[in-house]
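Novice: below are the sequence and a predicted model for it; my questions follow.
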Amino acid sequence: MGTPTGVTVSPLPDPPSTALRDREQAEGYVAMVCFKHGPPRLHGLELEWTVHHRADPSRPLDASQLSRALGPYSPQTINPHNAQLHLPAGCLVTVEPGGQVEISTPPSDSAADLVSVATADAATLADLLDKSGLVLGRHGADPHRPPTRLLQVPRYEAMQAAFDLIGPQGAQMMCSTASIQVCLDAGEADQVITRWRAAHAVGPALVALFANSPDLDGRHTGWASSRLRATLGTCPPFTLPPEPTDDPAHQWARMAMDAPVICVRGDGPSWAAPPGLTFSAWIAEPAAVGRYPTLDDLDYHLSTLFPPVRPKGYLEIRYLDMQAGAQWVTPFALLAALMARPSTIEAVLGLTEASAGRWFEAARHGLSDPVLREAAGKVVQLGADSLDQLDLTAAQQARVLHDLELRVETIATSQRRSA
């Protein structure tokens, strides 16, 4: 890429310890920080909901009303002057571009404690909204309103401008979708490849099993998971699942270098990146921006990538639709149980061999797809048999097992309809 006329590299170089001047250096950093090794013992959750007016769910949200409802828990993206507090059980609230609210738990080595913390803070969040006439959504996508960006901040303005050049899915993903994100340790060095493969391989079956976003913007889309459809189409191929590999760390690092730069942070109101600029091109031609990128820029770049599973030093599994009420507990517990021990992970890979690549079929057809339906039934049985690997309380486990039984009935009903 040539040097734009009139643009020069900044005469004040970045500190030598943080400036990135060659691709190999940047790839090594990504591989190191995104795939940290260690015993697979911690869990985390990010729960996201659309927000609606109780009296009229199709009514647009107002940023100031949402900020007032959240009060001291309101993040600075929506209330810049607020010194944000954590919710009583320890979760932090964030607000997404379209006004979706999200709670993020602290990591925990106890699945039971994690469920209790998230349940308590989700209830607190619902109570806060209720006092302002607002309610949490019950689906993985907003079934009532068009995608409308509530947050007018440079990051999201740059993201939407970049994604709008590709298609409408980026705006839908940013402003109209809600997911369950399950965070699990990447594992010891000799486990990472298998855990990475299993987290992806089981994805289509779980997407089909928990698809919960058939409607978007007041219409039936024809997709079981309109949320995943929007995500996959936001910035392909970088929002698509990767090909199977024996070296996921370096595969991810190479992909990050080839991905477009969405935001270049600065002091001004616009963070838009030069069109077509990839991170590797920024390193090779710093004049495109006016300076070399830094490690901080690279960390920020990684936060603008949205694949089904995102490595962040742990595995952030992003492909599950939000469920109604407290039903998010079931997909979390099922996924955590399936990933709890090496023998179960190997079984997952075997049971999902035929379904592992069927991401679009899962988003489009859900359990109507016979291959996914068969895999989902086997995965549910394996997960139910493996729940004892988690430290769930008796009441939590009973609730999950009951919900899984209902899912099995749904699978059977779908099979009868297709016969």
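Specialist: Yes, it's here. Numbering: from 1, shown residues only.
Novice: from here on, just use CA atoms for contacts and neighbour counts.
Specialist: Will do.
Novice: let's check: the centremost residue of this protein is which one?
Specialist: By CA atoms, centre = their mean, the chain has its centre lying nearest to Arg318, at 3.4 Å.
Novice: measure it to Leu232 for me?
Specialist: Arg318 sits 11 Å away from Leu232, going by CA to CA, to the nearest Å.
Novice: I figured the residue nearest to the centre of the chain was touching Ala178, is that so?
Specialist: No: the pair Arg318 / Ala178 is not scored as a contact, 10.2 Å apart, by CA atoms under 8 Å.
Novice: could you pull out the helices for the stretch 151-300 of the chain?
Specialist: For the stretch 151-300 of the chain, the helices defined by DSSP state H, counting those that start in this stretch cover 154-164, 169-176, 192-201, 203-210, 226-232, 248-258, 279-284, 295-302.
Novice: turn the ones you listed into a markdown table, columns for mean pLDDT, distance to Thr119 and mean neighbour count.
Specialist: What follows is the helices of the stretch 151-300 of the chain, written out as a markdown table (pLDDT from 0 to 100; distance: least, CA to CA, whole Å; neighbours: other CA atoms under 10 Å):
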| stretch | mean pLDDT | distance to Thr119 | mean neighbour count |
| --- | --- | --- | --- |
| helix 154-164 | 96 | 29 | 19 |
| helix 169-176 | 98 | 23 | 26 |
| helix 192-201 | 98 | 24 | 22 |
| helix 203-210 | 98 | 19 | 28 |
| helix 226-232 | 98 | 23 | 26 |
| helix 248-258 | 98 | 33 | 19 |
| helix 279-284 | 98 | 39 | 22 |
| helix 295-302 | 96 | 29 | 17 |
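Novice: closest one to Lys131 among those helices?
Specialist: When the helices of the stretch 151-300 of the chain are compared by CA to CA, helix 169-176 sits nearest Lys131, at 23.1 Å.
Novice: packing partners for the closest one?
Specialist: When contacts are defined as 3 or more CA pairs under 8 Å, 6 or more residues apart in numbering; DSSP states H and E, helix 169-176 packs onto helix 154-164, helix 226-232.
Novice: using CSV, write out every CA atom in the first one.
Specialist: Only the C-alpha atoms of helix 154-164 are listed here, as CSV (Å, rounded to 0.1, in the frame of the first residue of the first chain):
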residue,chain,number,x,y,z
PRO,A,154,-16.2,7.2,18.6
ARG,A,155,-15.7,3.4,18.9
TYR,A,156,-19.2,2.5,17.8
GLU,A,157,-19.4,5.2,15.2
ALA,A,158,-16.2,3.8,13.5
MET,A,159,-17.4,0.2,13.8
GLN,A,160,-20.8,0.9,12.3
ALA,A,161,-19.3,2.9,9.4
ALA,A,162,-16.9,0.1,8.6
PHE,A,163,-19.5,-2.7,8.9
ASP,A,164,-22.2,-0.7,6.9
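Novice: follow-up on the earlier one: of the helices and strands packed on helix 169-176, which is nearest Thr239?
Specialist: Thr239 lies closest to helix 226-232 among the helices and strands packed on helix 169-176, at 5.2 Å (CA to CA).
Novice: ok now the closest one, how far from the chain's centre?
Specialist: The chain centroid and the centroid of helix 226-232 are separated by 11 Å under CA atoms, centre = their mean, to the nearest Å.
Novice: tell me what it is packed against?
Specialist: helix 169-176, strand 314-321, helix 359-365.
Novice: so what touches the shortest one?
Specialist: Under the contact criterion CA atoms under 8 Å, 6 or more residues apart in numbering, helix 359-365 has outside partners 203-205, 207-208, 211, 222-226, 228-229, 369, 372.
Novice: so which helix or strand of this structure has the lowest pLDDT on average?
Specialist: helix 394-418 (a mean of 91; mean pLDDT, DSSP states H and E).
Novice: that one vs helix 203-210, what angle?
Specialist: Orientation of helix 394-418 against helix 203-210 (axes from the mean of the first three to the mean of the last three CA atoms, to 10 degrees) gives an angle of 90 degrees.
Novice: which residues touch helix 394-418?
Specialist: With contact meaning CA under 8 Å, 6+ apart, helix 394-418 is reached by 112, 209, 327, 329-330, 333, 367-368, 370, 373, 376-377, 380, 384, 387.
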